[in-house]
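In: Following is a predicted model, sequence given first.
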Amino acid sequence: MKFMLMMNTPAGGEYQIMSWPKQDIEAHIAFMMDFNKQLSASGELVDCQGLSAPSQAKLVRAGKDRKPVTDGVFAESKEFLAGYWIVDVPSAARAYELAAQISLAPGIGGEPLYMSVEVRQVGVAPKD
């Protein structure tokens, strides 16, 4: 079963992590890299990516002339998607366990951030 684990962080312009002390940024990144290595070693990792800051995001739709129309930053959002993992695991329970581990990523002073992580099963096309 494939699941997408989407790490959300509070909105507020740029990533708040950039204002942290250097050692806390390094600890946070090390946590994420170790987590990714564990998933890779277990064979559960399909893909993972961090995303650019919300100030670089655009909402795109087609206009009546069929050309792209873009909107800028999403100030009304409480949270934004900071990164994701796609995992291939035997059960939803395992996906929830992994999401809880992500939620504990360290913040300032090594304290867990308790970030929200949305877990959604990747859709499977019907078989003929």
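Out: Noted; the coordinates are in hand.

In: Just the buried residues of the longest helix anywhere in the chain, please?
Out: If you go by DSSP state H, the chain has its longest helix at helix 22-42. Under the neighbour-count criterion of 16 or more other C-beta atoms under 10 Å, helix 22-42 has 24-25, 27-28, 31-32, 35, 39 buried. Where you see a C-beta, it was placed from the backbone N, CA and C, and this is true even at glycine.

In: So in the chain, where's the weakest helix or strand by average pLDDT?
Out: Among the helices and strands of the chain, strand 68-71 carries the lowest confidence by mean pLDDT, DSSP states H and E, at a mean of 78.

In: Name every strand pairing with that one and say which way it goes.
Out: For strand 68-71, the paired strands and their directions (DSSP bridges) read strand 59-62 (antiparallel).

In: which residues are in contact with the strand it pairs with?
Out: 68-71, 74 (C-beta atoms under 8 Å, 6 or more residues apart in numbering).

In: low pLDDT regions in the chain?
Out: Applying pLDDT under 70 to the chain picks out residues 10-15, 72-78.
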